[in-house]
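**Student:** okay, here's the prediction I keep looking at, along with the sequence it came from:
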Amino acid sequence: MDFESLRRLMISNRTVRRFDEKREISIEELERLVELVRYCPSGRNAQPLRYVLVNDEKEREKVFPLLKWAGYFTDWDGPEKGERPSAYLIQCLDTHLGANCLWNDGLQLEAITLSMHTLGLGGCIIKAINVPGLSEALDIDNRYAPRYVLALGYPAEQVRLEEMDGSNDADFKYYRTPDGEHHVPKRPLSELILHTRN
Ligand SMILES: Cc1cc2nc3c(=O)[nH]c(=O)nc-3n(C[C@H](O)[C@H](O)[C@H](O)COP(=O)(O)O)c2cc1C
(Lines give C-alpha, C1' and ligand atoms only; values in the text may rest on other atoms or scores of the structure.)
Protein backbone atom coordinates (compact mmCIF):
# COMPACT_ATOMS: atom_id res chain seq x y z
CA MET A 1 0.00 0.00 0.00
CA ASP A 2 1.29 3.51 -0.76
CA PHE A 3 1.00 6.55 1.49
CA GLU A 4 -1.77 8.22 -0.55
CA SER A 5 -3.98 5.09 -0.40
CA LEU A 6 -3.55 4.91 3.36
CA ARG A 7 -4.30 8.64 3.67
CA ARG A 8 -7.49 8.24 1.62
CA LEU A 9 -8.54 5.30 3.78
CA MET A 10 -8.03 7.37 6.94
CA ILE A 11 -9.94 10.33 5.52
CA SER A 12 -12.94 8.24 4.53
CA ASN A 13 -12.96 6.12 7.70
CA ARG A 14 -15.50 8.22 9.63
CA THR A 15 -17.69 7.32 12.58
CA VAL A 16 -21.11 6.12 11.44
CA ARG A 17 -24.14 5.87 13.74
CA ARG A 18 -26.94 4.84 11.36
CA PHE A 19 -26.84 1.53 9.53
CA ASP A 20 -28.76 -0.71 7.18
CA GLU A 21 -29.82 -3.19 9.86
CA LYS A 22 -31.23 -5.65 7.31
CA ARG A 23 -27.68 -6.50 6.23
CA GLU A 24 -26.26 -9.06 8.59
CA ILE A 25 -22.66 -9.59 9.64
CA SER A 26 -21.54 -13.15 10.28
CA ILE A 27 -19.48 -14.33 13.24
CA GLU A 28 -16.80 -15.37 10.72
CA GLU A 29 -16.58 -11.74 9.52
CA LEU A 30 -16.28 -10.53 13.12
CA GLU A 31 -13.56 -13.11 13.78
CA ARG A 32 -11.71 -11.93 10.69
CA LEU A 33 -11.67 -8.39 12.09
CA VAL A 34 -10.53 -9.45 15.54
CA GLU A 35 -7.79 -11.65 14.08
CA LEU A 36 -6.08 -8.47 12.86
CA VAL A 37 -5.50 -7.14 16.35
CA ARG A 38 -3.03 -9.97 16.95
CA TYR A 39 -0.60 -7.84 14.94
CA CYS A 40 -1.09 -4.60 16.91
CA PRO A 41 1.67 -3.26 19.13
CA SER A 42 1.18 -3.94 22.84
CA GLY A 43 2.83 -2.43 25.94
CA ARG A 44 4.95 -5.16 27.63
CA ASN A 45 3.54 -7.31 24.80
CA ALA A 46 0.96 -8.49 27.36
CA GLN A 47 -1.86 -8.40 24.78
CA PRO A 48 -4.47 -8.01 27.55
CA LEU A 49 -7.60 -7.36 25.49
CA ARG A 50 -10.38 -9.82 24.70
CA TYR A 51 -13.56 -9.51 22.62
CA VAL A 52 -17.14 -10.64 22.94
CA LEU A 53 -18.68 -11.02 19.48
CA VAL A 54 -22.39 -10.21 19.15
CA ASN A 55 -24.46 -10.58 16.00
CA ASP A 56 -27.63 -12.37 17.10
CA GLU A 57 -30.68 -10.05 17.03
CA LYS A 58 -31.85 -10.87 20.55
CA GLU A 59 -28.36 -10.29 21.95
CA ARG A 60 -28.10 -7.01 20.02
CA GLU A 61 -31.32 -5.86 21.63
CA LYS A 62 -29.74 -6.40 25.04
CA VAL A 63 -26.69 -4.29 24.13
CA PHE A 64 -28.38 -1.32 22.44
CA PRO A 65 -30.01 0.30 25.53
CA LEU A 66 -26.70 0.12 27.41
CA LEU A 67 -25.00 2.56 25.02
CA LYS A 68 -25.06 6.36 24.80
CA TRP A 69 -24.98 7.67 21.28
CA ALA A 70 -23.65 11.05 20.09
CA GLY A 71 -23.50 13.00 23.36
CA TYR A 72 -23.77 16.37 21.54
CA PHE A 73 -27.15 15.38 20.07
CA THR A 74 -29.22 15.91 23.20
CA ASP A 75 -32.52 15.31 21.36
CA TRP A 76 -31.42 12.03 19.72
CA ASP A 77 -31.46 8.70 21.54
CA GLY A 78 -29.47 6.87 18.90
CA PRO A 79 -30.45 5.04 15.75
CA GLU A 80 -34.07 3.94 15.21
CA LYS A 81 -35.02 0.30 14.70
CA GLY A 82 -33.93 -0.65 11.18
CA GLU A 83 -30.91 1.69 11.44
CA ARG A 84 -29.25 0.01 14.39
CA PRO A 85 -25.92 -1.86 14.23
CA SER A 86 -25.86 -5.38 12.81
CA ALA A 87 -23.15 -6.42 15.26
CA TYR A 88 -21.10 -5.37 18.24
CA LEU A 89 -17.60 -6.11 19.41
CA ILE A 90 -17.25 -5.72 23.16
CA GLN A 91 -13.64 -5.00 23.98
CA CYS A 92 -12.69 -6.22 27.47
CA LEU A 93 -9.54 -5.98 29.58
CA ASP A 94 -8.29 -9.18 31.18
CA THR A 95 -7.71 -7.71 34.65
CA HIS A 96 -5.36 -10.58 35.53
CA LEU A 97 -2.95 -9.21 32.93
CA GLY A 98 -2.93 -5.60 34.03
CA ALA A 99 -4.89 -2.77 35.61
CA ASN A 100 -4.86 -0.59 32.53
CA CYS A 101 -4.68 -0.94 28.79
CA LEU A 102 -1.51 1.06 28.01
CA TRP A 103 -3.14 2.34 24.78
CA ASN A 104 -3.75 -1.18 23.45
CA ASP A 105 -7.47 -0.32 23.38
CA GLY A 106 -7.23 2.64 21.01
CA LEU A 107 -4.63 1.05 18.77
CA GLN A 108 -6.78 -2.03 18.30
CA LEU A 109 -9.97 -0.06 17.73
CA GLU A 110 -8.32 2.01 15.02
CA ALA A 111 -6.95 -1.15 13.37
CA ILE A 112 -10.41 -2.72 13.40
CA THR A 113 -12.28 0.34 12.13
CA LEU A 114 -9.81 0.87 9.30
CA SER A 115 -10.09 -2.74 8.22
CA MET A 116 -13.89 -2.62 8.54
CA HIS A 117 -13.89 0.29 6.16
CA THR A 118 -12.01 -1.71 3.52
CA LEU A 119 -14.91 -4.25 3.70
CA GLY A 120 -17.60 -1.60 3.23
CA LEU A 121 -18.54 -1.60 6.91
CA GLY A 122 -18.81 1.43 9.19
CA GLY A 123 -18.95 1.79 12.93
CA CYS A 124 -18.87 3.78 16.10
CA ILE A 125 -16.45 3.41 18.99
CA ILE A 126 -18.52 3.84 22.15
CA LYS A 127 -17.09 4.65 25.58
CA ALA A 128 -20.34 5.81 27.15
CA ILE A 129 -21.45 2.32 28.15
CA ASN A 130 -23.26 0.85 31.12
CA VAL A 131 -20.43 -1.47 32.18
CA PRO A 132 -22.20 -3.48 34.91
CA GLY A 133 -25.29 -3.77 32.71
CA LEU A 134 -23.22 -5.08 29.81
CA SER A 135 -21.35 -7.62 31.94
CA GLU A 136 -24.65 -8.91 33.28
CA ALA A 137 -26.54 -8.91 29.97
CA LEU A 138 -23.79 -10.79 28.12
CA ASP A 139 -22.64 -12.99 30.99
CA ILE A 140 -19.10 -11.61 30.99
CA ASP A 141 -16.95 -13.05 33.80
CA ASN A 142 -15.84 -10.29 36.21
CA ARG A 143 -12.22 -11.05 35.39
CA TYR A 144 -12.91 -9.24 32.08
CA ALA A 145 -13.74 -5.53 32.31
CA PRO A 146 -15.63 -4.09 29.33
CA ARG A 147 -13.69 -1.07 28.04
CA TYR A 148 -15.35 -0.11 24.77
CA VAL A 149 -18.14 -1.23 22.51
CA LEU A 150 -17.57 -1.09 18.79
CA ALA A 151 -20.93 -0.92 17.02
CA LEU A 152 -20.78 -1.93 13.38
CA GLY A 153 -22.87 -2.34 10.30
CA TYR A 154 -23.36 -1.21 6.72
CA PRO A 155 -23.48 2.62 6.72
CA ALA A 156 -26.79 4.36 6.07
CA GLU A 157 -25.69 7.95 6.60
CA GLN A 158 -23.43 10.45 4.88
CA VAL A 159 -20.57 11.87 6.90
CA ARG A 160 -18.56 14.88 5.80
CA LEU A 161 -15.28 16.23 7.13
CA GLU A 162 -15.17 19.98 7.77
CA GLU A 163 -12.12 22.20 8.18
CA MET A 164 -11.87 23.93 11.55
CA ASP A 165 -10.69 27.52 11.44
CA GLY A 166 -7.38 26.89 13.19
CA SER A 167 -7.97 28.78 16.43
CA ASN A 168 -7.76 26.90 19.71
CA ASP A 169 -11.29 27.86 20.75
CA ALA A 170 -12.87 26.90 17.42
CA ASP A 171 -15.95 24.70 17.79
CA PHE A 172 -15.03 21.03 17.53
CA LYS A 173 -18.56 19.67 18.05
CA TYR A 174 -19.88 17.45 15.29
CA TYR A 175 -23.32 18.41 13.98
CA ARG A 176 -26.10 17.21 11.69
CA THR A 177 -27.67 19.37 8.98
CA PRO A 178 -31.40 19.22 8.02
CA ASP A 179 -30.54 17.05 4.99
CA GLY A 180 -29.45 14.36 7.50
CA GLU A 181 -25.73 14.67 6.80
CA HIS A 182 -23.34 14.34 9.71
CA HIS A 183 -20.45 16.85 9.79
CA VAL A 184 -17.15 16.37 11.62
CA PRO A 185 -14.81 19.35 12.08
CA LYS A 186 -11.09 18.52 12.08
CA ARG A 187 -8.27 20.81 13.17
CA PRO A 188 -5.86 21.95 10.46
CA LEU A 189 -2.24 20.72 10.37
CA SER A 190 -1.03 24.24 11.23
CA GLU A 191 -2.69 23.87 14.64
CA LEU A 192 -1.30 20.40 15.34
CA ILE A 193 2.33 21.40 14.89
CA LEU A 194 3.39 23.51 17.87
CA HIS A 195 6.62 24.62 16.25
CA THR A 196 9.35 23.35 14.00
CA ARG A 197 13.01 23.44 15.03
CA ASN A 198 15.08 23.01 11.91
C1 LIG B 1 -12.25 7.16 22.82
C2 LIG B 1 -13.54 7.41 22.04
C3 LIG B 1 -14.74 7.34 22.71
C4 LIG B 1 -15.94 7.57 22.00
N5 LIG B 1 -17.14 7.41 22.65
C6 LIG B 1 -18.29 7.63 21.97
C7 LIG B 1 -19.54 7.41 22.60
O8 LIG B 1 -19.62 7.05 23.77
N9 LIG B 1 -20.69 7.61 21.87
C10 LIG B 1 -20.62 7.99 20.56
O11 LIG B 1 -21.69 8.14 19.92
N12 LIG B 1 -19.45 8.20 19.92
C13 LIG B 1 -18.28 8.02 20.58
N14 LIG B 1 -17.07 8.18 19.95
C15 LIG B 1 -17.04 8.61 18.54
C16 LIG B 1 -16.57 10.08 18.44
O17 LIG B 1 -17.67 10.93 18.76
C18 LIG B 1 -16.06 10.35 17.00
O19 LIG B 1 -14.86 9.64 16.83
C20 LIG B 1 -15.80 11.86 16.81
O21 LIG B 1 -17.02 12.56 16.77
C22 LIG B 1 -15.03 12.14 15.53
O23 LIG B 1 -15.66 11.59 14.42
P24 LIG B 1 -14.82 10.69 13.43
O25 LIG B 1 -14.57 9.38 14.15
O26 LIG B 1 -15.65 10.53 12.21
O27 LIG B 1 -13.52 11.39 13.18
C28 LIG B 1 -15.89 7.92 20.63
C29 LIG B 1 -14.65 7.95 19.96
C30 LIG B 1 -13.49 7.69 20.66
C31 LIG B 1 -12.17 7.72 19.92
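**Tutor:** Sure, I can see it.
**Student:** longest single strand anywhere in this structure?
**Tutor:** strand 144-153 (DSSP state E).
**Student:** would you map the helices across this protein?
**Tutor:** 3-12, 27-36, 57-63, 104-118, 131-137, 189-192 (DSSP state H).
**Student:** the longest strand of the chain to helix 27-36, inter-axis angle?
**Tutor:** 120 degrees (axes from the mean of the first three to the mean of the last three C-alpha atoms, to 10 degrees).
**Student:** name the residues of strand 144-153 that are buried.
**Tutor:** Residues of strand 144-153 classed as buried: Tyr144, Ala145, Pro146, Arg147, Tyr148, Val149, Leu150, Ala151, Leu152, Gly153 (neighbour count, 16 or more other C-beta atoms under 10 Å). From N, CA and C alone the C-beta is placed, and that goes for glycine too.
**Student:** could you do stretch 85-99 as well?
**Tutor:** For stretch 85-99, by 16+ other C-beta under 10 Å, it's Pro85, Ser86, Ala87, Tyr88, Leu89, Ile90, Gln91, Cys92, Leu93.
**Student:** write out the residues of the chain neighbouring the ligand.
**Tutor:** For the chain, the contact set with the ligand under C-beta under 6 Å from any ligand atom comprises 14-15, 17, 68-70, 124-128, 174, 184.
**Student:** just the buried ones from these?
**Tutor:** Burial by neighbour count, judged by 16+ other C-beta under 10 Å, picks out Arg14, Thr15, Arg17, Trp69, Ala70, Cys124, Ile125, Ile126, Tyr174 from those.
**Student:** which residues does the fifth one contact?
**Tutor:** With C-beta atoms under 8 Å, 6 or more residues apart in numbering as the criterion, the residues that contact Ala70 are Arg17, Trp76, Gly78, Tyr174.
**Student:** same question, the first one
**Tutor:** If a contact means C-beta under 8 Å, 6+ apart, then Arg14 has Gly122, Val159, Leu161, His182, Val184 as its contacts.
**Student:** and the pLDDT for the closest residue in space to the last one that isn't next to it in sequence?
**Tutor:** What it means is Val184. Once flanking residues are discounted, Val184 sits nearest to Tyr174: 4.8 Å by C-beta to C-beta, 6 or more residues apart in numbering. With respect to pLDDT, Tyr174 has a value of 97.
**Student:** just Cys101 next, same as before
**Tutor:** 86.
**Student:** could you check how far the residue lying closest to it once chain neighbours are set aside is from the ligand?
**Tutor:** Among residues not flanking Cys101 along the chain, Leu93 sits closest, at 5.8 Å (C-beta to C-beta, 6+ apart). With distances taken as C-beta to the nearest ligand atom, to the nearest Å, Leu93 is found 14 Å from the ligand.
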